[in-house]
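**Student:** Let's see this in three dimensions:
(one chain, ligands or ions: 1)
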Amino acid sequence: MASHADKSSLSSKTGRGAGSVSRVVRQHTTLLATGVLLGLLGVGASLTQPWSIGKLIEAAGKGESLAFPIVRLVALFCVGAVFSSLQAYVIGRAGENIVHDVRHLLTGRLLRADLTEFGKRPQGDILTRTVTDTSLVKIALSQSLAQLIVSGATVIGGVVLMFLIDVRLMLITIACLGAASLISLSIARKLRRVALQNRDDTGEFGVAVQRVLAALPTVKASRAEPREAARIGKLAERARRSGIRVNAYNALFTPSMNVGTQGALAVVVGAGMAWVARGEMKMADLTTFIMYLFQLVSPLVMFFMGIGQFIQGRAAIQRVDELARMPQEGNGNEDAQGPVPIAPLALHLPAVEFHDVRFGYRRGEEGDRTQVLHGVSLTVPARGLTAVVGPSGAGKTSMFQLIERFYAVDGGVILLGGQNIETLPLDTVRGLVGYVQQDSATMRGTVRENLTYAHPHASEDDIWEAVEMAGLTSVVATLPKGLDTELGDQGSGLSGGQRQRLCIARTLLQKPAVMLLDEATSNLDSDSERDFRDVLRRVSQQCAVIAIAHRISTVVDAEKIVVLEGGRVRATGVHQDLMEHDELYRRLAGSQLHAGTAPVAAATYWVRGEPGAGPLSSALGWPQWGSLNEQTVRLRPIRIEEQW
Ligand SMILES: Nc1ncnc2c1ncn2[C@@H]1O[C@H](COP(=O)(O)OP(=O)(O)OP(=O)(O)O)[C@@H](O)[C@H]1O
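**Tutor:** Sure thing, here's the model as predicted:
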């Protein structure tokens, strides 16, 4: 994994460092400039304070009235304090505005990100960049930048005034502070390096934690807790070590400046007092000089710290810019088009057509692809159930993802209601197509929020109709707060089958023109699945339903069945035809059947001890599928190894 330093230098080489963040910052320059101006006014006030103290000492020495010098001094203190707190508020506000806009921009781009590119990045890394790095951007572009300007101005102003007071003392001061600054600069350089390393280490720790949290049940079921704890522990240890190094350099940084200042102070006081004693210098001037020297220390330290912070912040800016440059769906023009009214699809045209569609997932560099679909052509009528069956890895889910336009085809064309989907706005495509995914995504939130996710303004009647159609009414009745029951992450609080039905109800509520069901019934029990078949019948009279069939019973009823193998359409027809003419379909029909009834079938096989009654129905004279009812199917024995 390349370090940030490497990435940073790469970015600057390609000239891509200044990007989205700098565009956001430009929108806040007025507020930032106001903050800096207030800071400079505060600097002006504080630089006149030692001069005013000198005047007070002079007046006291001459026995003049002290009232005016004291009032002037207090007024300068107050003005300085007001400007400095106003500056802190305005700069802080600008910083919050910047971080808000950067996060808003990033979130928008992440939500519209091209899925291929998105899939290449660890989610923990995306989270770190969106949350932590944006905070560093805020610090770099508001606090550190203002700190650099204000403390820089204080240092320059102080140095000039000290030169005016006494050149010899100033040269002594520059020599001492210069030596200390050189040491501090070299420490700052090392500090930056270890701080970047610490950010990398902390980021890797975050990625590892996120990875196990996302798969905690798997970790537990695999008894991998000790291994994961050790692995994450090592990363935490690495972050601790680099954190300690950061701390060590930080601990050296300020004291090295302090030593320089204290050295300068000692020499200045010694030499100055000698010159005062010899009458070569006034006591008031020496006091003023020493006060400037004191006043110089803190801005000087702040200046160097500001440099360190700004450098770290620049690395964060580059990381954020890199994320914001993530390729976008539809070339990023989707939002510009705004919501487009969605017209229903024409009934006389097929709902979906694939014409010689070729597709492969991009891996790594451009051009490096895993070819998945090799010239798929098929037609899905505007009404009725079309089933897609095929062995695992045949490309069934990939076809659905192309219809949803999660990915773009490499060749051929997909038509939705007679129109090329690539020419339709994404919003229209996804409004027309409802998708129940294989791993049925349910989210944290109430059941109602999950149901209305694709159709937030659905009426209560529509919600209950969808709940009823998906067979969820009795489930909702048992929930403590009905539709307003809170679910945990990934919908925990419901069973797998209930979550799946929830996703089906959500898609029904969307009233899509095309409904894609990716093994949507895999978690349903036989009774629920039978009810759902009725639902499918009804829904398929309202729209086109394309189902990746897990259960053979879903396929039996389908108006059209497409058999996919190795990314090619191998056969198309109705169940009976395919059983008669397609060898693979016959085989698949058998194995899908077993997948749904495996435990029963396997147990039957071994208990009965009828090894002769094997699974290859046609070979062993098994009855034709059409003549089987569900009960016969459930009792049919299979070999144990077929489960695998
Ligand atoms: N995001 C991805 N990146 C790279 N390759 C992928 C990706 N998703 C799927 N594939 C590959 O594409 C091929 C087809 O996958 P797909 O999920 O479409 O198959 P499927 O027929 O739906 O399989 P299953 O029935 O097991 O769900 C597989 O070889 C798979 O490894």
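
**Student:** Quick check: the gap between whatever residue of the stretch 151-300 of the chain ends up closest to the ligand and Ala224.
**Tutor:** Proximity of the stretch 151-300 of the chain to the ligand (C-beta to the nearest ligand atom) peaks at Ala214, 16.4 Å away. C-beta: built from backbone N, CA, C; applies to glycine. Distance, Ala214 to Ala224, by C-beta to C-beta, to the nearest Å: 14 Å.

**Student:** Then Arg501?
**Tutor:** Arg501 sits 31 Å away from Ala224, going by C-beta to C-beta.

**Student:** And these two? Which one has more around it.
**Tutor:** Using other C-beta atoms under 10 Å, the more surrounded residue of Arg501 and Ala224 is Arg501, with 28 against 14.

**Student:** which one is the more buried one nearest to, not counting chain neighbours?
**Tutor:** Leaving aside its chain neighbours, Arg501 sits nearest to Ala470 (4.6 Å; criterion: C-beta to C-beta, 6 or more residues apart in numbering).

**Student:** next one: Pro122
**Tutor:** Closest residue to Pro122 apart from its sequence neighbours, by C-beta to C-beta, 6+ apart: Val207 at 4.7 Å.

**Student:** ok, now Lys481?
**Tutor:** Spatially, and ignoring its direct neighbours in sequence, Lys481 is nearest to Thr446 (7.8 Å; C-beta to C-beta, 6+ apart).

**Student:** And Ala59, by the same measure?
**Tutor:** Using C-beta to C-beta, 6+ apart, the closest residue to Ala59 is Pro69 (5.1 Å).

**Student:** got the phi/psi numbers for His104?
**Tutor:** As for His104, its main-chain torsions (degrees, to the nearest 10) stand at phi -60, psi -50.

**Student:** Mind pulling the model confidence for it?
**Tutor:** On pLDDT, His104 comes in at 92.

**Student:** cool, the one 4 residues further on as well?
**Tutor:** Confidence at Gly108, expressed as pLDDT, is 89.

**Student:** Could you count how many residues lie near it?
**Tutor:** A count of neighbours around Gly108, defined by other C-beta under 10 Å, yields 14.

**Student:** which SSE is it in?
**Tutor:** For Gly108, the element it lies in under DSSP states H and E is helix 67-111.

**Student:** do Leu373 as well
**Tutor:** Leu373 is part of strand 369-380 when elements are defined by DSSP H and E.

**Student:** quick one: is that strand near the ligand?
**Tutor:** Yes. For a cut-off given as C-beta under 6 Å from any ligand atom, strand 369-380 has contacts with the ligand, namely Thr370, Val372.

**Student:** List the neighbouring strands of that strand plus their orientation.
**Tutor:** Applying DSSP bridges, strand 369-380 is found paired with strand 352-362 (antiparallel).

**Student:** Now find how far off-centre the partner strand is within its chain.
**Tutor:** Relative to its chain's centre, strand 352-362 lies at 29 Å (C-alpha atoms, centre = their mean, to the nearest Å).

**Student:** and that strand, which residues are buried?
**Tutor:** Buried residues in strand 352-362, counted by 16 or more other C-beta atoms under 10 Å: Val352, Glu353, Phe354, His355, Val357, Phe359, Gly360, Arg362.

**Student:** how much space between the residue nearest to Ala59 and Gly54?
**Tutor:** 10 Å.

**Student:** quick one: which of those two has more around it?
**Tutor:** Using other C-beta under 10 Å as the criterion, Pro69 and Gly54 rank with Gly54 on top: 22 against 19.

**Student:** residues in contact with the more buried one?
**Tutor:** The neighbourhood of Gly54, defined by C-beta atoms under 8 Å, 6 or more residues apart in numbering, consists of Ala284, Asp285, Thr287, Thr288, Met291.

**Student:** Give me the neighbour count for the last one.
**Tutor:** Okay, so that is Met291. 18.

**Student:** name the element it belongs to?
**Tutor:** Here Met291 is assigned to helix 283-324, by DSSP H and E.

**Student:** quick check: mean pLDDT across that helix?
**Tutor:** The pLDDT scores in helix 283-324 average 82.

**Student:** Same question for stretch 462-469.
**Tutor:** When pLDDT is averaged along stretch 462-469, the result is 87.

**Student:** If you count neighbours, what's buried in it?
**Tutor:** For stretch 462-469, a neighbour-count test (16+ other C-beta under 10 Å) marks Asp462, Ile463, Trp464, Ala466, Val467, Met469 as buried.

**Student:** quick check, nearest of those to Gly263?
**Tutor:** Using C-beta to C-beta, Ile463 comes nearest to Gly263 of the buried residues of stretch 462-469, at 76.5 Å.
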